[in-house]
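Student: what's the 3D shape of this:
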Amino acid sequence: MSRLDSAIRRLQAQRSCLDAAAERLRDVPGVVLELGLGNGRTYDHLRELMPEREIFVFERQIAAHPDCIPDDAHLFLGDLGETLPPAVARFQGAVALVHSDIGTGDGNYNAEIAAFLGGSLGPVLVPGSLVVSDQRIDIAGCEPVAPPADIQQDRYYTLRKA
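Tutor: Coordinates of the predicted model:
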């Protein structure tokens, strides 16, 4: 499979999983955490899917389209290892959705960040909340959710907090 085909499949999986998450979370209160802004496409999609929710974005360095940059009150700028811990304290028991799209081509880095997220995100999640990610993350008290029917297993991941 070409890298282009792989990228297209990843984006389709991402959209499908986020669309399914928005539907599942219709009656679950809470804010959204977007880990990784990139060029802002997913953030823009989340704004359309969940216009009633506050979306807080974490990004190391802004490189997004100008229309897809959150205001300062909704942006945590800097290294995730430094910005996430205070946010976890701030958002304890207040998050309905975490979307993480921060994987790289470096398998060691991906494993480290997945372990960091797995050990960090549990306290922010409300019952019934979801974590949607490009990487497999294990979080205590969460169980895997089968991907939408149009998504290949292990292409994108969803967890649900019991």
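Student: now the residue lying closest to residue 59 once chain neighbours are set aside: how far from residue 92?
Tutor: Leaving aside its sequence neighbours, residue 59 sits nearest to residue 37 (Cβ to Cβ, 6 or more residues apart in numbering; 3.9 Å). To be clear about C-beta, it is placed using only N, CA and C from the backbone, and glycine gets the same treatment. Distance of residue 37 to residue 92, given as Cβ to Cβ, to the nearest Å: 23 Å.
Student: Please identify which of those two sits among more neighbours.
Tutor: Neighbour count, other Cβ atoms under 10 Å: between residue 37 and residue 92, residue 37 has more, with 25 against 13.
Student: Doesn't residue 130 lie inside a helix?
Tutor: No. Per DSSP: H, G, I helix; E, B strand; the rest coil, residue 130 lies outside any helix segment and is strand.
Student: From here on, call the first residue 500.
Tutor: I'll keep to 500 as the first residue from here, and by that count the last item is residue 629.
Student: Hmm, residue 657 and it touching each other?
Tutor: Yes. With contact defined as Cβ atoms under 8 Å, residue 629 reaches residue 657; the gap is 5.8 Å.
Student: Mutual contacts of these two, please.
Tutor: When contacts are counted by Cβ atoms under 8 Å, 6 or more residues apart in numbering, residue 629 and residue 657 have 520, 644 as shared neighbours.
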